[in-house]
Structures are given as C-alpha cells and as structure tokens.
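Engineer: Attaching a predicted model along with its sequence, questions to come.
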Amino acid sequence: MAIIASILLPFVILAVKPIRNPHLFSASVASPLFMLYQPVSRNEGGISNTKLLESIDPKQFIYPHNAGVIPKDFQELRGSAKGYNLVFFVMESVRRRNVNLYGYARDTMPTLSRLADRALVFQNAYVMQPRSSKAMAALALGIMPDPRLRPLSWESQRIDGKDTFFKRVLGEGWRFYQGTAQPYGGDKLQEFFLDATQHVEQPVVSLETLASDPTISNDDLGLAKHFLRWVNKNDKPFVGLLWTECAHMPYDTVKKPFGTGSLIDKYDNSLRQVDDALAILVDGLD
C-alpha cells in the first residue's frame with residue numbers, strides 16, 4: 001500500500017498545485033502561433049514575448065516542406081488556396097478503426113474516400129482533449145487546453161481581447177458560420193463562439209435551429225443543407241465550421257445499411273450518415 005501511495009503522490013501534487021496566472025500567458029487561452037509572431041516588445045500580462053519564445057520551440061509550428069512530407073503531386077499547389085473559402089467539417093466521435101479509408105472492411109465512408117483521391121491524408125491525428133468542449137475550443141482558437149482547468153466555454157471571458165483566427169477573418173469582412181446538429185447544453189459553446197468572434201453578427205446554428213425549420217431534417221443532413229442555403233445568400237468570402245452529431249451515442253440514423261444486430265452495426269450506420277452529410281456539403285459547394 002505504501003508503494004502505491006508513493007507512486008501516486010507526485011500525480012496528486014501536480015493535480016492540486018496552483019496555476020500561476022493561467023489566463024495571461026498560458027497557451028490554454030491564446031494561440032501559440034499568434035503569440036509567437038507578435039512583436040517581441042509587446043508585454044502580455046507582465047510576461048514578455050522574449051520569455052515566451054524561449055519556452056516555445058518555433059520548429060513545432062513550421063510545416064517541413066520537403067518531398068518526404070508533401071507528395072510530389074501536391075508540391076506545386078503550395079499557397080494556391082490563398083483567397084479561397086474555408087470549411088471545417090468536424091466529425092463527432094469518428095474513429096479511424098471503422099473508416100474504410102484506413103482499411104476497414106465495410107464501406108462506411110465512401111465520400112471521404114472519394115475526397116482522399118485529391119487531398120492530403122494524415123495517418124496520425126490526435127484529439128487535443130477527450131471532451132468536446134475542450135477539443136472544440138482547441139480547434140477554434142489554435143490553443144492547447146490545460147486538463148487541470150475548467151472548459152474554456154464555461155468561462156469564455158478568459159479569451160476577451162485575445163487574438164483569434166475567427167476574429168481576424170471577420171475583421172477582414174469575411175462571413176462566419178458555426179453550426180452543429182447537437183443541442184447546446186451545459187458546455188455553453190454557443191456563448192463561447194460568440195465571444196470568440198467578438199459578437200459580430202453571424203449564424204450560430206444548433207439542433208434547436210434545425211428543428212424549428214420544417215423544410216430540413218434536424219440532423220447532420222439538415223445541417224449541411226442549412227449551411228448551403230446560407231452560402232448562397234451572397235458572394236462574400238466565408239469560413240464555415242460544421243460539427244456533426246450522428247456518430248455520438250445513441251447512433252440514431254435514418255438509413256441502416258449495415259443492419260441493427262449489434263452496437264457496431266449501429267455505429268457504422270452513423271458513420272455512413274455523417275458521410276452522406278459530407279456528400280451533400282461537397283456536391284452542393286461544387
């Protein structure tokens with residue numbers, strides 16, 4: 001028992017240790033990329049960027065452009081996406097093991113495979129935190145969420161005045177659409193995205209929004225259609241963040257191509273429905 005206690009003690013101390021000024025310099029509330037490229041003379045809450053640069057290795061944030069990393073067929077495309085619209089399609093609870101693009105026997109996501117023929121496909125990707133609120137904040141802001149702190153969406157005032165990607169593009173006249181087929185509950189993600197974009201007028205769509213529109217379904221398929229309608233309203237450049245829901249428990253789907261004999265069957269059905277939503281999105285944009 002004493003041996004077990006001695007092993008656990010360092011972890012207990014680490015967990016309860018106070019965090020000094022966690023909201024000033026911490027990479028859990030400000031993008032390391034944006035912080036790195038600020039003028040070094042700027043002072044962030046008493047901590048200069050000179051000290052910041054000593055603690056963050058810039059090499060971690062530079063994509064190594066060489067033949068071993070970028071396939072030869074894509075090297076000439078470097079920088080060619082400048083000025084294009086941008087869409088983040090976030091697939092809730094989709095795991096590599098059940099995706100046919102990565103060798104799964106069932107054809108769960110044919111659209112994703114079709115896109116892979118003209119895309120960069122990554123073999124290793126890891127979620128920043130195994131919790132939606134923290135993972136979405138990390139994606140939206142380019143931050144490293146601290147597992148010891150409360151979800152940023154609970155206290156989104158912590159990012160007030162911070163530099164964010166969405167704040168920049170909205171400031172340059174782009175449109176921003178943030179939508180999900182999930183209900184907005186206790187994690188307060190709707191308020192978080194409003195704070196992240198400095199409350200610039202833009203749609204923040206959730207399950208409740210989709211359910212109130214009788215012309216579309218209140219699922220991932222309806223979300224893709226709702227987004228396409230918004231895109232067509234004018235020709236200004238846009239950024240879209242679409243967060244799916246179907247692959248989250250309890251795996252409810254309209255179609256059931258793989259049957260319902262087991263939980264895996266139901267999960268694979270949900271992956272196909274996410275893929276169907278992706279097909280609506282891609283074909284609609286085309």
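Structural biologist: Good, I have the coordinates.

Engineer: So which bits of the longest helix seen in the chain are buried?
Structural biologist: Scanning the chain for the helix with the most residues, using DSSP state H, yields helix 263-285. Across helix 263-285, burial judged by 16 or more other Cβ atoms under 10 Å covers 265-282. For glycine as for every other residue, the C-beta is placed from the backbone atoms N, C-alpha and C.

Engineer: Start and end of stretch 143-150, how far apart?
Structural biologist: Using Cα to Cα, to the nearest Å, one end of stretch 143-150 lies 14 Å from the other.

Engineer: Just give the nearest non-adjacent residue to Ile280, would you?
Structural biologist: Distance criterion Cβ to Cβ, 6 or more residues apart in numbering; nearest residue to Ile280, sequence neighbours excluded, is Ala224 at 4.1 Å.

Engineer: which helices and strands does the helix or strand containing the one you found pack with?
Structural biologist: Take DSSP states H and E as the rule and Ala224 turns out to sit in helix 220-231. In terms of contacts (3 or more Cβ pairs under 8 Å, 6 or more residues apart in numbering; DSSP states H and E), helix 220-231 is packed against strand 175-180, strand 204-205, helix 207-211, strand 238-243, helix 263-285.

Engineer: Make CSV out of those and add distance to Asp117 and mean pLDDT.
Structural biologist: Listed next are the helices and strands packed on helix 220-231 as CSV, based on distance: least, Cβ to Cβ, whole Å; pLDDT from 0 to 100:
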stretch, distance to Asp117, mean pLDDT
strand 175-180, 27, 88
strand 204-205, 30, 79
helix 207-211, 31, 85
strand 238-243, 22, 91
helix 263-285, 12, 97
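
Engineer: For this structure, just list every one of the strands.
Structural biologist: Taking DSSP state E as the test, the strands found in the chain are 43-44, 47-48, 86-90, 175-180, 204-205, 238-243.

Engineer: got a list of contacts for the fifth one?
Structural biologist: Taking contacts as Cβ atoms under 8 Å, 6 or more residues apart in numbering, the residues outside strand 204-205 that touch it are 177-180, 190, 193-194, 223, 226-227.
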